[in-house]
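**Student:** No letters, just coordinates:
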Ligand code: DC
């Protein structure tokens, strides 16, 4: 039987990590886990319970209810993809809202939230044959992953991609506002005290500013083949 890998994909927001990770998982018939979706689901829960708002964060309330927040990824054959469920409710669309996006950095700074989600991520990874994307997958969640990729692209290019994506969905968007949001999230991700965004020493850097998705796939397929054949 072929060796099954744990592949960790970390990097800046809006670099196309999920798209890339999903394609790799499809190609290899592996499980894909979007760890950002888990932080987003917890954030959505906190917004609904009024634990986070412009007034501040109710950390006590969050910690009391954290053990009762369950997150699953359930396959939807109609779209041939997994969707995020929080306490049995499909929240895949709602976790991508602007409100969740603007509050998730704050929630992901809470150490207890991180340790609970890391534990869940490791349980899923125990099966091997997994591609997980996030910020701390190669550094904290799976420090001995078989392959670690650190993705980056210029802020302008990331903002442009987000802008085009949101426009295509018919959303009213402002390019400068998107770019400011991306830069603010980079700063928050890199500077939080716990598990900040860092390239693992043994991660391979992929700057996809000027690469098509096809070029990225052909680049990674070579690397994966070598890893699998090395046994
Ligand atoms: O990848 P994303 O934009 O959906 O991630 C949402 C947020 O969650 C982002 O602000 C960083 C945080 N995150 C994290 O802290 N650790 C991860 N492993 C994944 C995401």
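**Tutor:** Looks like it came in fine. None of the values given here were measured: they were computed from a predicted structure.
**Student:** from here on, contacts and neighbour counts on C-alpha atoms
**Tutor:** OK.
**Student:** How about the contacts made by the closest residue to residue 197 other than its chain neighbours?
**Tutor:** Spatial nearest neighbour of residue 197, excluding adjacent residues (Cα to Cα, 6 or more residues apart in numbering): residue 190 at 4.7 Å. Counting by Cα atoms under 8 Å, 6 or more residues apart in numbering, residue 190 touches 196-198.
**Student:** measure residue 190 to the ligand for me?
**Tutor:** 10 Å (Cα to the nearest ligand atom, to the nearest Å).
**Student:** Check residue 5 too.
**Tutor:** For residue 5, the distance to the ligand - Cα to the nearest ligand atom - is 18 Å.
**Student:** Neighbours of that residue, how many?
**Tutor:** Residues near residue 5, counting by other Cα atoms under 10 Å, number 20.
**Student:** Name the nearest residue to it, ignoring sequence neighbours.
**Tutor:** residue 129 (5.1 Å).
**Student:** Is that neighbour in contact with residue 31, as I believe?
**Tutor:** Yes: counting by Cα atoms under 8 Å, residue 129 does reach residue 31; the two are 6.3 Å apart.
**Student:** These two: who's more crowded?
**Tutor:** The neighbour comparison of residue 129 against residue 31 (other Cα under 10 Å) goes to residue 31, with 20 against 17.
**Student:** so who does the closest residue to that one other than its chain neighbours touch?
**Tutor:** Counting by Cα to Cα, 6+ apart, residue 130 is the residue found nearest to residue 31 once chain neighbours are left out, at 4.7 Å. The contact partners of residue 130, by Cα under 8 Å, 6+ apart, come to 5-7, 25, 30-33.
**Student:** Tell me the bridge partners for residue 130.
**Tutor:** residue 6, residue 31 (DSSP bridges).
**Student:** What of the one 4 residues further on?
**Tutor:** The partner list for residue 134 in beta bridges (DSSP bridges) reads residue 10.
**Student:** so how far is residue 78 from it?
**Tutor:** Distance from residue 134 to residue 78, counting by Cα to Cα, to the nearest Å: 26 Å.
**Student:** Residue 60 too?
**Tutor:** With distances taken as Cα to Cα, residue 60 is found 40 Å from residue 78.
**Student:** that's a strand at residue 201, yeah?
**Tutor:** No: under DSSP: H, G, I helix; E, B strand; the rest coil, residue 201 sits outside any strand and is assigned coil.
**Student:** Enumerate the residues of this structure near the ligand.
**Tutor:** Residues of the chain lying close to the ligand (Cα under 6 Å from any ligand atom) are 13, 35-37, 39-40, 104-105, 108, 134-137, 185.
**Student:** Select from these every entry located in strands.
**Tutor:** residue 134 (DSSP state E).
**Student:** Show me the residues of the chain next to the ligand that map onto helices.
**Tutor:** Using DSSP state H, the subset of these located in helices is 35-37, 39-40, 104-105, 185.
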